[in-house]
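**Student:** A predicted structure for the sequence below; I have some questions about it.
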Amino acid sequence: MAHKTSAGYRLLAMAIVLAAGVAGIFAPSAPVALAAGMSTWDGLRPEVFGTRRIDSGLGVVTLKAPFRPEDQRAVPVGIEARFIDGRTVKSVTLVVDENPSPVAAVFTLATKKNQVALKTNIRLNQETHVRAIVEASDGKLYMVSQLVRFAGGQAACAAPPTGNPEEIAANMGKMRVANVPVEANASSIASRVQLKISHPNHSGMALDQQSLLYIPLRMITNLEVSQGGTKLFDMAGSISLAENPAFEFDVDLTGEHRIVAKLKDSDGAEWSRELELPAGS
């Protein structure tokens, strides 16, 4: 198969999204023609945020990603945000500049917290800047970014899924939750957990190794997580999320000792799981 340029991948990604008819999956409306000296982000920014001002997130937002990931099919990215002026975190947007679908995920926080910590794993198609854009309760936007290197080889969005189709179908929608160690200075009323989801998040760009046909798009579109009767967040996903993604977030130790996770994908499938928080949470 001939190598696709970044613009070619964006065209394919856009066609996939339009064919699926999925709302909430963010991709540029057309490949962006960049003037000399412009970066990919210069073209993406108006497509995602319009004319809204974006301030530096230094001192407000922290982004953690490996400089050179061990596995570009599942690159861990952590985002932390904190306001000390009375404002709360409204949303967190994760952008991967050079991926076919640059907006990897948008987390909309349902609880009014001045401090949040989120982590997930993404696919990396090539060397790229990864960005975290945090929206405060007053609508102001703050951004930090980090360059992540590419180890070479096949672009992750075109990498074939692991496991055979029967195994993937049998496990799709399964979820489990585990504790995550937190720093010693973390809040005594919060505990971090990891929600692991079995879903191939097919990008529509990977070839079946036997038929040599493209595996049809089937991606995670929405994830809603609640603790007891209190919603924690909604997440709108895209093909930039890794296969079998994991999500880390904080739960309230004084609240209900279980979470409910509701998952939807682009085929219209829905799963709902009620999960007991592990001992120690």
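**Tutor:** Arrived safely, thanks for sending. Residues are numbered from 1 along each chain as shown.
**Student:** would you confirm that Leu217 contacts Ser203?
**Tutor:** Yes - the pair Leu217 / Ser203 is scored as a contact, 6.8 Å apart, by C-beta atoms under 8 Å. Glycine gets a C-beta too; all of them are placed from N, C-alpha and C.
**Student:** out of the two, which sits in the more crowded spot?
**Tutor:** Ser203 (31 against 22; other C-beta atoms under 10 Å).
**Student:** check contacts around the closest residue to the more buried one other than its chain neighbours.
**Tutor:** Nearest-residue entry for Ser203: Ile239, 4.1 Å, with adjacent residues in sequence omitted and distances by C-beta to C-beta, 6 or more residues apart in numbering. Ile239 is in contact with 13, 16, 100-101, 123, 157, 201-205, 217, 219, counting by C-beta atoms under 8 Å, 6 or more residues apart in numbering.
**Student:** closest one of the residues you listed to Ser91?
**Tutor:** Ranked by distance to Ser91 (C-beta to C-beta), the contacts of Ile239 are led by Ser101 at 17.9 Å.
**Student:** burial count for that closest one?
**Tutor:** Applying other C-beta under 10 Å, I find that Ser101 has 26 neighbouring residues.
**Student:** quick one: least confident helix or strand in the chain?
**Tutor:** Among the helical and strand segments of the chain, the one scoring lowest on mean pLDDT, DSSP states H and E is helix 6-20, with a mean of 42.
**Student:** after that one, which helix or strand is next? Please name it.
**Tutor:** Sequence-wise, the next helix or strand downstream of helix 6-20 (DSSP states H and E) is helix 40-49.
**Student:** tell me the mean pLDDT for that following helix?
**Tutor:** The average pLDDT within helix 40-49 is 95.
**Student:** again, but for stretch 61-68
**Tutor:** Looking at stretch 61-68 alone, the average pLDDT works out to 96.
**Student:** what about Val92, which helix or strand?
**Tutor:** strand 89-96.
**Student:** direction included, what does that strand pair against?
**Tutor:** Using DSSP bridges, the strands paired with strand 89-96 in its sheet are strand 103-109 (antiparallel), strand 128-136 (antiparallel).
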